[in-house]
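Colleague: Have a look at this prediction, sequence included:
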There are 2 protein chains.
Amino acid sequence: MVTRIEPGDADPAARIEELLTGDNVEAAAELLADMHPADQADLYDRLDDAERETMLALLSTEARAQLLEHLDEETLEEIAQRLPRVELPRVLDITKNDIAADVLRMLPPAEAARALAQMQTASDVTPLLIHPDESAGGLMTRGFVALHKDMTVGEAITLLRARKPLAEEAYYLYVLDARNRLEGIVNLRQLVVADRDVRIEEVMTRDVVSVRPDTDQEEAANLLQHYRLRALPVVDASGVLSGIITADDIIDVIAEEATEDMYRMAGLPGDESIFAPVRVSAQRRIPWLMVNLATAFLAGGMVLIFEGTIARAAGLAVFMPIIAGQGGNAGIQTITIVVRSLALGEIEPRDANRILNKEIMLGVIRGVLFGLIVGIAAFLWKGEWGWGFVVGTAMLLNMLVAGLLGTVIPLGMKAFRLDPAIASGVFLTTFTDMLGFLFLLGLATLLIDQLT
Amino acid sequence: MVTRIEPGDADPAARIEELLTGDNVEAAAELLADMHPADQADLYDRLDDAERETMLALLSTEARAQLLEHLDEETLEEIAQRLPRVELPRVLDITKNDIAADVLRMLPPAEAARALAQMQTASDVTPLLIHPDESAGGLMTRGFVALHKDMTVGEAITLLRARKPLAEEAYYLYVLDARNRLEGIVNLRQLVVADRDVRIEEVMTRDVVSVRPDTDQEEAANLLQHYRLRALPVVDASGVLSGIITADDIIDVIAEEATEDMYRMAGLPGDESIFAPVRVSAQRRIPWLMVNLATAFLAGGMVLIFEGTIARAAGLAVFMPIIAGQGGNAGIQTITIVVRSLALGEIEPRDANRILNKEIMLGVIRGVLFGLIVGIAAFLWKGEWGWGFVVGTAMLLNMLVAGLLGTVIPLGMKAFRLDPAIASGVFLTTFTDMLGFLFLLGLATLLIDQLT
């Protein structure tokens, strides 16, 4: 029978969760054994401390190793602490190289060294440890199949049958020279379709897209997506193949990087799980809100300068949120497009002028349109041309500023090698608030006699 | 030689762009011929109308077919209009089934029918046309290799060598019964590693994750990512294999859906290219800004109710942006996490209470903290306990509202089967503005004698 997963299917995870909570451990173990490791990982994420302990105890060493491959970073760190130390080397031997390296990087150095000393895959995992987690080197695995160009297709197939690589590591085969430098690649389909006595050199592709170990994972992801590849070879400065990055890891990176950008734009650090405890969430969210409060005091300070003007024309306070809010939203539209295009590698430095010109033109269009609307509204309400002029002009200027800052803030952060997404929304709305108030209340102060 | 693509490499696209602009067509054609279709697509995106015409004229029919596979939807529609009608059937025969179906869907029905009548692949492409673009059926291709369980591994390899499928369509082979119902899958690596006289039934996996043709593409993407698959079979209600979705298409979906959510949260419809003409950008951005202006007038209206209070205590205008802005940002943090978790399928309906409880607790923590800070600031500035109480309490209440609305708005939209991302930021900040002003100015009106 074929399992078809469809929306609304009864969820075995929900039943196991109940069973674990109710201490019906045997029944839980049975259901757990039938579950895909990816689903076990989702379940684990939702459990509390005691339930996690119980669930882990119900899994075999092999099942624990597979579970590791489906956890996010935060949970991986938690489970690395929890796994019994005597079992750790065996679990890490079975799991994928890159996951083993991730776990070892999370342990105190002495413990990592102790585990590594007992691992059979130590020689494959050790070279991965020197690379930072978010680089191509940190994503790669050593489990590739290497061929030589003078082999025949038949010899390559025999080698493959002997090596029995993991499915995701067998899609491309790598042709190396005597010094392990990458000369070309053959994909498994080419191999199966080709005649058995043809030499590998004749079927291999020489034009290979590769990355360096220190390439950022986001750039590696963009390359793999751009060229629609199944795996990406990681090649060091002397041309030696260090490892490969498989598409399943890249899919995770694409989703993670998108989450990270969304979170950073909203002033959230990293990837906070929706099920994180309140304490953890508070620690993560409050620092940026503190920064935001400080910037809000700046906007409040701008209003303070003009307190006397507001006291004489309190109607100005009605237009304050309209001009500031509209500027903020127009700016957020622009900044979202620029940040996303930068993340997807769609913008080159030479495009800065072109984008800026376009956003200035858009700023003029929006400024004239919304300036007229609010200007006319103010005139109709107060019956004075001065109100229309002050409110309309402030809106026009703030729309211009919004487009300009929405472009300049992320491009500038990129130029200074900062992540353009980091709290860019917070910075932008601070400026559109402050400048919106300055334009409105400043003009009103100059023309105060027309307003009262 | 192996081509290594690294940041900072000279960009052939920039040179071709110059050559096309300068009418040096022969040199451009030469450079173009050496370029990967994915890079040609990027270049095409950046060109103006006349340059696009020139560039297309320089490409062969095969090159045009490959170019189609790398364009985004907007550009695909543009190029579908531009391609000569006599050549269209040949181009669509060569390109991937799902892309051909996309193009046909974009043409006027009469033109599509005319093209289809002349296509050799019409029988594979026609069944794809009935499915909407953003469903599993709209993503799938018919280019799968079907086996029977009584075949031997050797026979399957012989079949594969005769069929010579595209590389991305050969990763999994599908085992069908006499009525084309899916019984299991075999991956290419299993086939190569197994003995030649073993029956397919013995190597195939029966536990297959599949989707229906009408499954939403985002859900299909989440499944493929969750189970780390290379392709996803699409099976109709009677169990018949309709087509397969390959990982490269899913990678695009994951990136597109993330972009779409980011854009929608910022009040941008769909996927606006950074290089879209000013006219197109204005048409896309202004409607939501109109909605935003209407909601800003609501916030302004709330202030208007209390105009008299502001005239007596103009200092309140200083705290208006602080309380409204802090509420907006706290709410945006919450809503971002909830919208993203919904998109990634991490939240089930049964989680709503758990999430709401957590956000209420976070709201209390943030409310007490920031309420104290601004309350003390107000007291120190004005030297009156009334100021501290009014400002601090308004902040506390607005923080509570922010966490509550940040959870309830997206969960509610999901419950009504709307996209939780759509302009949720605009709705949220309208409420945090209006309610922030109501709390601040309402309390101030009640306690006005303490404030002046």
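Modeller: Structure's in. What do you need?

Colleague: Domains in chain A, by residue range?
Modeller: A:12-130, A:146-265, A:278-451 (automatic domain parsing).

Colleague: Can you say which of those domains is nearest to B:Ala110?
Modeller: Among those, domain A:146-265 comes nearest to B:Ala110, with 32.8 Å by Cβ to Cβ. Quick note: C-beta positions are derived from backbone N, CA and C, even for glycine.

Colleague: Pick out the residue closest to the middle of chain A.
Modeller: A:Glu257 (1.4 Å; Cα atoms, centre = their mean).

Colleague: my guess is it meets A:Ala221, correct?
Modeller: Yes: the pair A:Glu257 and A:Ala221 qualifies as a contact (Cβ atoms under 8 Å) at a distance of 6.6 Å.

Colleague: okay if I get the domains of chain A as CSV plus distance to B:Pro127 and mean pLDDT?
Modeller: Shown next, in CSV, are these (distance: least, Cβ to Cβ, whole Å; pLDDT from 0 to 100):
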stretch, distance to B:Pro127, mean pLDDT
domain A:12-130, 30, 89
domain A:146-265, 24, 90
domain A:278-451, 32, 92
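
Colleague: Pick the most deeply packed of the ones you listed.
Modeller: Highest mean neighbour count among the domains of chain A (mean count of other Cβ atoms under 10 Å in any protein chain shown): domain A:278-451, with a mean of 21.

Colleague: still on that earlier bit, redo the domains of chain A as a markdown table? Include distance to B:Arg206.
Modeller: Converted to a markdown table, those look like this (distance: least, Cβ to Cβ, whole Å):
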| stretch | distance to B:Arg206 |
| --- | --- |
| domain A:12-130 | 13 |
| domain A:146-265 | 16 |
| domain A:278-451 | 39 |
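
Colleague: Get me the contact residues on the stretch 101-250 of chain A for chain B.
Modeller: Applying Cβ under 8 Å from any Cβ of the partner chain, we find that the stretch 101-250 of chain A lies next to chain B at A:157, A:160-161, A:164-165, A:167-168, A:170-171, A:182-184, A:187-193, A:206-212, A:215, A:219, A:223-228, A:230, A:235, A:239, A:247-248, A:250.

Colleague: What about those, which are in helices?
Modeller: A:157, A:160-161, A:188-193, A:219, A:223-226, A:247-248, A:250 (DSSP state H).

Colleague: Show me where chain A has its strands.
Modeller: Counting by DSSP state E, chain A has these strands, from start to end: A:146-147, A:172-176, A:182-187, A:231-235, A:241-246.

Colleague: OK, contacts around the closest residue to A:Arg285 other than its chain neighbours?
Modeller: What sits nearest to A:Arg285 in space, not counting adjacent residues and going by Cβ to Cβ, 6 or more residues apart in numbering or on different chains, is B:Gln333, at 5.3 Å. The neighbours of B:Gln333, taking Cβ atoms under 8 Å, 6 or more residues apart in numbering or on different chains as the test, are A:266-268, A:285, A:288-289, B:406.

Colleague: what's the answer for A:Trp381, then?
Modeller: A:Trp381 touches A:315, A:387, counting by Cβ under 8 Å, 6+ apart.

Colleague: Equivalent analysis for the one 5 residues further on, please.
Modeller: With contact set as Cβ under 8 Å, 6+ apart, A:Gly386 has these partners: A:447, A:450-451.

Colleague: quick check, nearest of these to chain B?
Modeller: Minimum distance to chain B across those is 13.0 Å, recorded for A:Leu451 (Cβ to the nearest Cβ).

Colleague: Do I have it right that the closest one meets A:Ala444?
Modeller: Yes: at 5.9 Å, A:Leu451 counts as touching A:Ala444 under the criterion of Cβ under 8 Å.

Colleague: And A:Thr3, what's its pLDDT?
Modeller: Looking at A:Thr3, its pLDDT is 44.

Colleague: Nearest spatial neighbour of whichever residue of chain A sits closest to chain B, chain-adjacent residues omitted?
Modeller: Closest approach between chain A and chain B, counting by Cβ to the nearest Cβ: A:Ala258, at 3.4 Å. In this structure, A:Ala258 finds its nearest non-sequential neighbour in B:Ala258, 3.4 Å apart by Cβ to Cβ, 6+ apart.

Colleague: and what of A:Arg350?
Modeller: Per Cβ to Cβ, 6+ apart, closest to A:Arg350 is B:Ala14, 7.0 Å.

Colleague: Please report how far the one you found lies from B:Arg52.
Modeller: Distance of B:Ala14 to B:Arg52, computed by Cβ to Cβ, to the nearest Å: 17 Å.

Colleague: where do the helices sit along the stretch 301-450 of chain A?
Modeller: Assigned by DSSP state H, counting those that start in this stretch, the stretch 301-450 of chain A shows helices spanning A:307-312, A:316-343, A:352-382, A:385-415, A:424-446, A:448-451.
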